[in-house]
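> Using only what follows, build the 3D model:
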Amino acid sequence: MKNTLIKKTLCILLLSALLTASAGAETVVTSFYPIQLLALNLLHGADGVELVNLAAPGTGCLHDYQLSTGDMKALARADVFLINGAGMESYLDHVMQNLPDLPIVDASAGVELLEDVSGEMEYNAHIWLDAGNAIRMAENLSAGLIEALPEQAELIAANRDALAARLAALDTELREGIAGLPRRDIVTFHEAFPYFARAYGLEVAAVVVLEPGDSLSPRQLAELVDTVTRLGNPPLFTEPQYESLAAETIAAETGAPIYELDPCVTGPSEDIPLTYYEDVMRRNLQVLQEALQ
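Numbering: from 1, shown residues only. Here you go, the predicted structure:
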């Protein structure tokens, strides 16, 4: 009788512990890599918080991204969903219809958006490539996280302030590093860099393809060759996430040099440095300084 009572007591204590742990566990879901990078910084040091990123780190921008069953399961148990906004998450209506009570935090709130010239979306969604915008995005995300995870409010606020200071320093470094360059016009692979160009005084003179995966007709290719020639063969910037055959063809026809700019939409999946965004942007700065001298 005594042993049975002890066993029942242990079972109750174990069940209580499991329920407490389950109740205390928090799940934060991010839509894709740039938002994951910001969330990693904001939640650094937070105990009992699981951070789940939907799109795999090698996905790139969410062009035509389709939610998987696993994605929906992750969202179903999420306490909050952090998104880029500005139309990047084309599946958002589906999420809101199926999970109407899920808190969604839009990082683009208050950001001055640029029109999407591709016609695929209303706005260009690559807002994070302006470090000043990244500060605003971090502020928006931190406000949503504090509301969803009030017990982590002090930590999140401190992380936000530290991240904002680092991003402000990066923004200044980019401005100063690009300000004295003699050339200002660039030809980019796709519409990823208008916010970067606007922020740091560059001019996107032409875009090779408006959307990754688009193929160029002979006429379009000839028009781009003419444009690049007329502009005096400005540097062509490809992206590490996509093939650069069209840019290589234009370079062969015009003699324009090819460089690589990284829009920071892919990266390591494990042991991600908190400074990964800044590291990529500083490498981009070095590339631009070489290309635009």
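
> List the contacts of Glu122.
The contact partners of Glu122, taken as CB atoms under 8 Å, 6 or more residues apart in numbering, are Gly87, Glu115, Asp116. Bear in mind the C-beta positions are built from the backbone N, C-alpha and C, glycine included.

> So how do I select the buried members of the residues you listed in ChimeraX?
Taking 16 or more other CB atoms under 10 Å as the burial criterion, the selection of buried members of the contacts of Glu122 in ChimeraX is written as:
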select :87,116
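
> From the contacts of Glu122, which shows the smallest pLDDT?
When the contacts of Glu122 are compared on pLDDT, Asp116 comes out lowest, with 90.

> Leaving aside the residues adjacent along the chain, what's closest to it?
When the adjacent residues along the chain are set aside, Asp116 lies closest to Asn124, with 4.6 Å between them (CB to CB, 6 or more residues apart in numbering).

> Could you dump the contacts of Glu122 into TSV with distance to Glu203 added?
Formatted as TSV, these follow (distance: CB to CB, whole Å):
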residue	distance to Glu203
Gly87	24
Glu115	16
Asp116	18
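
> Next step: the contacts of Glu122 restricted to helices.
Using DSSP state H, no member of the contacts of Glu122 falls within helices.

> contacting residues for the residue positioned nearest the centre of the chain?
With distances taken as CA atoms, centre = their mean, Pro34 lies nearest the centre of the chain, 2.2 Å away. With contacts taken as CB under 8 Å, 6+ apart, Pro34 has the following neighbours: Asn84, Trp128, Cys264, Val265, Tyr277.

> again, only this time at 10 Å
Contacts were defined as CB atoms under 10 Å, 6 or more residues apart in numbering; by that measure Pro34 touches 61, 84, 88, 107, 126-129, 134, 137, 263-267, 277.

> same check, this time on Leu224
187, 206-209, 216, 236, 246-247, 249-250, 253-254.

> Repeat the analysis, applying 7 Å as the threshold.
Contacts for Leu224 (CB atoms under 7 Å, 6 or more residues apart in numbering) come out as Ala206, Val208, Ile250.

> Same question for Gly45.
By CB under 7 Å, 6+ apart, the contact list for Gly45 reads Leu155.

> any idea of the pLDDT on it?
Model confidence at Gly45, expressed as pLDDT, equals 98.

> hang on, Tyr259 in a helix?
No. Note on Tyr259: no helix contains this position according to DSSP: H, G, I helix; E, B strand; the rest coil, which reports strand.

> pretty sure Leu145 contacts Asn41?
No. Using CB atoms under 7 Å, Leu145 makes no contact with Asn41, being 11.1 Å away.

> now, which of the contacts of Pro34 sits nearest Ala179?
Leu129 (17.6 Å; CB to CB).

> Does the closest one touch Pro194 like I think?
No. With contact defined as CB under 7 Å, Leu129 does not reach Pro194; the gap is 8.5 Å.

> just the helices in the chain please.
2-24, 33-42, 69-76, 92-98, 131-148, 153-179, 194-200, 218-230, 245-254, 276-291.

> With respect to Gly48, which of these lies nearest?
Evaluated with CB to CB, these place helix 2-24 nearest to Gly48, the distance being 5.4 Å.

> So which of Leu129 and Pro194 has more stuff around it?
Per other CB atoms under 10 Å, whichever of Leu129 and Pro194 has more neighbours is Leu129, with 27 against 21.

> which residues touch the more buried one?
Leu129 is in contact with Ala192, Phe193, Tyr195, Phe196, Pro263, counting by CB under 7 Å, 6+ apart.

> Model confidence score at Ser217, please.
Per-residue confidence (pLDDT) for Ser217: 83.

> which stretches of this protein have low pLDDT?
Low-confidence regions of the chain, defined here as pLDDT under 70, cover residues 1-24, 210-214.

> give me that answer again for 90
Of all residues in the chain, those with pLDDT under 90 make up the ranges 1-25, 58-64, 117-121, 189-191, 206-218, 220-221, 241-247, 293.

> domain ranges for it?
Structural domains annotated on the chain: 25-173, 174-291, as defined by automatic domain parsing.

> With respect to Asn53, which of the contacts of Pro34 is nearest?
For these, the nearest to Asn53 is Gly267 (10.9 Å; CB to CB).

> Need phi/psi at the closest one.
Phi and psi for Gly267, reported as degrees, to the nearest 10, are phi 170, psi -170.

> Count the neighbours of Ser164 for me.
Let me fix one detail, which is that residue 164 is Ala and not Ser. Number of residues near Ala164 (other CB under 10 Å) recorded here: 17.

> do Ser142 as well
The burial count assigned to Ser142 is 24, neighbours taken as other CB under 10 Å.
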